[in-house]
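Asks: the amino acid sequence is not available; the structure is as follows:
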């Protein structure tokens, strides 16, 4: 990825090739549609979905995959078996998806709900 400093989420997404940008845009849109009280902003130079000052879900593009991060090692651990059984590479705080991922709305909703429950 580029070392550019982005000025907005749209600036970040527009800097990506169409597959990466469209997939991340779709992930963000699905989450914000289901959870209208959340916002998306740029933090650490990548899009982050927030509720007030709490970070709920982050997305980023890497060279060969995309990363989704529910901002919680516990949430990732709780979903690890499910994520690995669906073929995702799981790290401590995130999991990797292919650049042309078919959006799994149920998975995204479950992850966001788990993170929000953790924050409450």
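Replies: On my side now, so go ahead. Values in this document were obtained by computation on a predicted structure and should not be read as measured data. Residues are numbered from 1 along each chain as shown.
Asks: mind giving me the packing neighbours of the lengthiest helix in the chain?
Replies: Scanning the chain for the helix with the most residues, using DSSP state H, yields helix 18-34. Contact here means 3 or more C-beta pairs under 8 Å, 6 or more residues apart in numbering; DSSP states H and E; on that basis helix 18-34 packs against helix 9-14, strand 39-43, strand 46-51, strand 54-61, strand 66-69, helix 105-119. From N, CA and C alone the C-beta is placed, and that goes for glycine too.
Asks: can you put the ones you listed in JSON lines and add distance to residue 90 and mean pLDDT?
Replies: What follows is those, written out as JSON lines (distance: least, C-beta to C-beta, whole Å; pLDDT from 0 to 100):
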{"stretch": "helix 9-14", "distance to residue 90": "24", "mean pLDDT": "96"}
{"stretch": "strand 39-43", "distance to residue 90": "23", "mean pLDDT": "97"}
{"stretch": "strand 46-51", "distance to residue 90": "19", "mean pLDDT": "97"}
{"stretch": "strand 54-61", "distance to residue 90": "15", "mean pLDDT": "97"}
{"stretch": "strand 66-69", "distance to residue 90": "11", "mean pLDDT": "96"}
{"stretch": "helix 105-119", "distance to residue 90": "12", "mean pLDDT": "97"}
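Asks: in JSON lines, list those along with distance to residue 93.
Replies: Putting those into JSON lines (distance: least, C-beta to C-beta, whole Å) gives the following:
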{"stretch": "helix 9-14", "distance to residue 93": "20"}
{"stretch": "strand 39-43", "distance to residue 93": "15"}
{"stretch": "strand 46-51", "distance to residue 93": "13"}
{"stretch": "strand 54-61", "distance to residue 93": "9"}
{"stretch": "strand 66-69", "distance to residue 93": "6"}
{"stretch": "helix 105-119", "distance to residue 93": "12"}
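Asks: could you export the ones you listed as a markdown table, including mean neighbour count?
Replies: Listed next are the helices and strands packed on helix 18-34 as a markdown table, based on neighbours: other C-beta atoms under 10 Å:
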| stretch | mean neighbour count |
| --- | --- |
| helix 9-14 | 17 |
| strand 39-43 | 15 |
| strand 46-51 | 20 |
| strand 54-61 | 21 |
| strand 66-69 | 21 |
| helix 105-119 | 16 |
